[in-house]
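[1] Here is a sequence with its predicted model. Questions after.
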Amino acid sequence: MRVLLIQSYLGRREPPVAPLGLANLAAYLDTHTIRIFDPNVHINPTIDTFAVIEEYRPDFIGISLRNIDTTNYRDPFFYFEHFQRFVRDLKENVHRIPIGVGGSGFSLFPRQVMERVPEIELGFFLEAEVALDTYLRKGEAIANIPGIYYREAGKIAFSGPPKRLDFTQIRSPAWDLVELPKYVRWADRDAVGVETKRGCALACSYCTYPLLSGPELRLKSPDRVIEEIAVLIERYQLPRIFFCDPIFNHPQQHAEAICHAILNRGLKIRWGAYHQDRSLTPEYVNLARQAGCDEFFLSPDAATQQTLQLLNKTTTVESLSRSLDIFTQNRQTRVSYNFFIAVPGSGWKDLAAAVYFLVKAKFKLGRRLFRWKLSYMRFEPGTTLTRQFFNRNRQEDALLPQKQSELKNLFFRKGNSIFLNILLLLHFYRGLWFGRRNTVAGECEQ
Ligand code: B12
Ligand code: SF4
């Protein structure tokens, strides 16, 4: 079977992200002929996609719907609108070829996407290495393949949650099928990702990652990770990668083992990764830096104990402050800290604590405070916070709006005092200065 895997077109130019999910899927489809295409790194995204279809003549088209929107209040861009148009145009051109969709954007809103994009025949929920392979082999009825949304008698049916992949057996991404050289110049903007694990065992109340990649940790062996990095360096001369794990340094021993393996193998690679502050030690930071870490991304999100607890963070005021001391002492690290401006029940004191922390961090780290962010939380499906503070009055369906202008309604922006709310309103809509600068497109809300 000829299979075409497409990264969905974002609808505008932005720093691209190499399709790691599609490269993982392709590694499992070795009984088929596969092509991976990312319109985002082509000059005429839609026209070039049609040209590829015309030339390749696939029997099945799989599209990765990675992003729904930017989750960024300063730049509320609705990728999903463009995805809908992209699939509609595609189907008009290729009406006899079945279209399947998967990806984290799809998995956050599976039923809604199936309803709103009737051109999609099949939707693959969560990780789909096994489900897609089984479906394409055609030996099994769809209803018996866990993890698939499909259409039956005019209704949307679901075959049940997929089994999570055994990570000790996982195959390496088929990067040879991706036009990887096109991403190399974006390496410093986190364009090429490597997974060292799936899952997050922590449970911050606003976060979708445990839903998307599972609440239990599945670790890739450090040897396997090193092999994958070595291929990226040797075959594509890639100078930098981003570790796509929800949290790289949890568990700490696994992160340390990977750092040691990079050093022992003598790999020259720079990398960035999401870190949590609770278990940071000066020794670990030093080790990670020597192994190539050039940016530690931290999302403490709040700076008072009460708001940290409400968000169910493992961070404490003490661990946050200790992390800053560690980064201050280690004079070669670049760090980014993200905070939310408003958390349910928070007030002036909480906002002031976050601002004070950032000012202190700027003073202590100078230019090494590479990015900082004071942003608003976007309610996302399936989180505790959404259940508590969004669903009370509204349907979860509203989390996938109909149009871009509705995105702004999905951010939490209420403090516990009237004057604070007026300030937040002005900040949110009128662009008061604080927290609006110093973030780079392509970064990710955690
Ligand atoms: C790491 C990461 C980043 C890194 C990416 C680094 C890199 N080079 O890959 C960086 C920091 C650059 C980043 C940027 C952004 N990110 Co981000 N990111 C992630 C994260 C944590 C992991 C993604 C990943 O690589 N997973 C590992 C791969 C293997 O899994 P996967 O892609 O999901 O693929 C599997 C399945 O989904 C499925 N699948 C995927 N595609 C398809 C297609 C078919 C046909 C089938 C059958 C199955 C299938 O099978 C795959 C294999 O199992 C996710 C959260 C998460 N846990 O998913 C957020 C996430 C994807 N990001 C998100 C967002 C919003 C963004 C940004 C828009 C942020 C911004 N404002 O700039 C940008 C977009 C950049 C771009 N150009 O696309 C959101 C998207 C949801 C939403 N609300 O829109 C997520 C879900 C986080 C969240 N808020 O919940 N991100
Ligand atoms: S915010 Fe980070 S630590 Fe918390 S649940 Fe999400 S991925 Fe895990």
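    Thanks, I have the structure now. Ligands and ions are numbered 1, 2, ... in the order given.
[2] what's around whichever residue of the stretch 151-300 of the chain sits closest to ligand 1, how many residues?
    As assessed by CB to the nearest ligand atom, ligand 1 sits closest to Gly193 within the stretch 151-300 of the chain, at 2.7 Å. Every C-beta, even on glycine, is put in place using the N, C-alpha and C of the backbone. Close neighbours of Gly193, defined as other CB atoms under 10 Å, add up to 18.
[3] Spatially nearest residue to it (excluding sequence neighbours)?
    Cys244 (4.0 Å; CB to CB, 6 or more residues apart in numbering).
[4] do the same with Lys408
    Using CB to CB, 6+ apart, the nearest residue to Lys408 is Pro76, at 5.8 Å.
[5] Where does the one you found fall, secondary structure wise?
    Using DSSP states H and E, Pro76 is not contained in any helix or strand.
[6] Next, work out how far apart it and Ile68 are.
    Pro76 sits 11 Å away from Ile68, going by CB to CB, to the nearest Å.
[7] Number of residues surrounding the residue nearest to Lys408?
    Neighbours of Pro76 (other CB under 10 Å): 18.
[8] That one touches Asn409, doesn't it?
    No: counting by CB atoms under 8 Å, Pro76 does not reach Asn409; the two are 10.1 Å apart.
[9] can you point me to the longest strand in the protein?
    strand 293-301 (DSSP state E).
[10] tell me which strands and helices it is in contact with?
    Packing contacts for strand 293-301, counted by 3 or more CB pairs under 8 Å, 6 or more residues apart in numbering; DSSP states H and E, involve strand 270-275, helix 305-310, helix 317-329, strand 335-340.
[11] Sheet partners, orientation included, of that strand?
    strand 270-275 (parallel), strand 335-340 (parallel) (DSSP bridges).
[12] between the helix or strand following the first one and strand 335-340, what angle do the directions make?
    Using DSSP H and E, the helix or strand that follows strand 270-275 in sequence is helix 282-290. Between the direction of helix 282-290 and that of strand 335-340, the angle (axes from the mean of the first three to the mean of the last three CA atoms, to 10 degrees) works out to 110 degrees.
[13] So which bits of helix 282-290 are buried?
    Tyr284, Val285, Asn286, Leu287, Ala288, Arg289 (16 or more other CB atoms under 10 Å).
[14] what's the nearest residue to the single nearest residue of the stretch 51-200 of the chain relative to ligand 1 if we skip its chain neighbours?
    Nearest residue of the stretch 51-200 of the chain to ligand 1: Gly102, at 2.2 Å (CB to the nearest ligand atom). Nearest non-adjacent residue to Gly102, counting by CB to CB, 6+ apart: Phe124, 3.5 Å away.
[15] Next, the contact list for the one you found, please.
    By CB atoms under 8 Å, 6 or more residues apart in numbering, the contact list for Phe124 reads Gly62, Gly100, Val101, Gly102, Phe106, Ala131, Leu132, Gly147, Ile148, Tyr149.
[16] Report pLDDT for the third one.
    Looking at Val101, its pLDDT is 98.
[17] On the three-state scheme, it is what?
    Here Val101 is strand, with the state taken from DSSP: H, G, I helix; E, B strand; the rest coil.
[18] In this structure it contacts Phe60, no?
    No: when contacts are counted by CB under 8 Å, Val101 is not listed as touching Phe60 (11.8 Å).
[19] And the two? Which one has more around it.
    Legend: neighbour count by other CB under 10 Å for Val101 and Phe60, higher for Val101 (26 against 20).
[20] got the residues of the stretch 151-300 of the chain near ligand 1?
    For the stretch 151-300 of the chain, the residues found near ligand 1 under the criterion CB under 6 Å from any ligand atom are Asp190, Ala191, Val192, Gly193, Glu195, Thr208, Tyr209, Leu212, Ser213, Phe242, Cys244, Pro246.
[21] residues contacting the third one?
    Translated: Val192. Contacts of Val192 by CB under 8 Å, 6+ apart are Ala18, Leu20, Leu180, Tyr183, Val184, Leu232, Leu238, Arg240, Ile241, Phe242.
[22] next one: the second one
    By CB under 8 Å, 6+ apart, the contact set of Ala191 is Pro15, Pro16, Val17, Ala18, Tyr183, Val184, Phe242, Gly442.
[23] By neighbour count, which of these wins?
    Ala18 (30 neighbours).
[24] On the three-state scheme, that one is what?
    Classified using three-state DSSP, Ala18 is coil.
[25] can you pull out the helices in the stretch 101-250 of the chain?
    Along the stretch 101-250 of the chain, counting by DSSP state H, counting those that start in this stretch, helices occupy 104-108, 110-116, 129-137, 181-184, 209-213, 222-236.
[26] does any part of the second one sit near ligand 1?
    No: using CB under 6 Å from any ligand atom, helix 110-116 never reaches ligand 1; the gap is at least 11.1 Å.
[27] export that helix as CSV, just CAs?
    Presented in CSV, the C-alpha positions along helix 110-116 are these (Å, rounded to 0.1, in the frame of the first residue of the first chain):
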residue,chain,number,x,y,z
PRO,A,110,-11.4,13.7,18.9
ARG,A,111,-15.2,13.7,18.7
GLN,A,112,-15.4,17.4,18.0
VAL,A,113,-12.9,17.2,15.1
MET,A,114,-14.7,14.2,13.6
GLU,A,115,-18.0,16.2,13.8
ARG,A,116,-16.7,19.4,12.4
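[28] got the contact list for the residue of the stretch 251-400 of the chain found nearest ligand 1?
    Going by CB to the nearest ligand atom, ligand 1 is nearest to Glu380 of the stretch 251-400 of the chain, at 5.6 Å. Listed by CB under 8 Å, 6+ apart, the contact set of Glu380 reads Thr71, Leu108, Tyr206, Cys207, Thr208, Thr386, Leu399.
[29] out of those, what pair is the most spread apart?
    Spanning the widest gap among the contacts of Glu380 are Cys207 and Leu399, at 14.5 Å by CB to CB.
[30] So for the two, which sits in the more crowded spot?
    The neighbour count for Cys207 versus Leu399, taken as other CB under 10 Å, is higher for Cys207 (25 against 22).
[31] can you tell me how far Lys182 sits from Gln7?
    For Lys182, the distance to Gln7 - CB to CB - is 12 Å.
[32] Which one's more surrounded, these two?
    Gln7 (24 against 15).
[33] surely the more buried one meets His42?
    No: checked against CB under 8 Å, the pair Gln7 and His42 is beyond contact range at 10.6 Å.
[34] Can you name the residues that contact the closest residue to ligand 2 within the stretch 51-200 of the chain?
    Of all residues in the stretch 51-200 of the chain, Cys200 sits closest to ligand 2, at 3.4 Å by CB to the nearest ligand atom. Contact analysis of Cys200 by CB under 8 Å, 6+ apart lists Cys207, Tyr209, Pro210, Ser213, Pro215, Leu217, Pro246, Ile247, His250.
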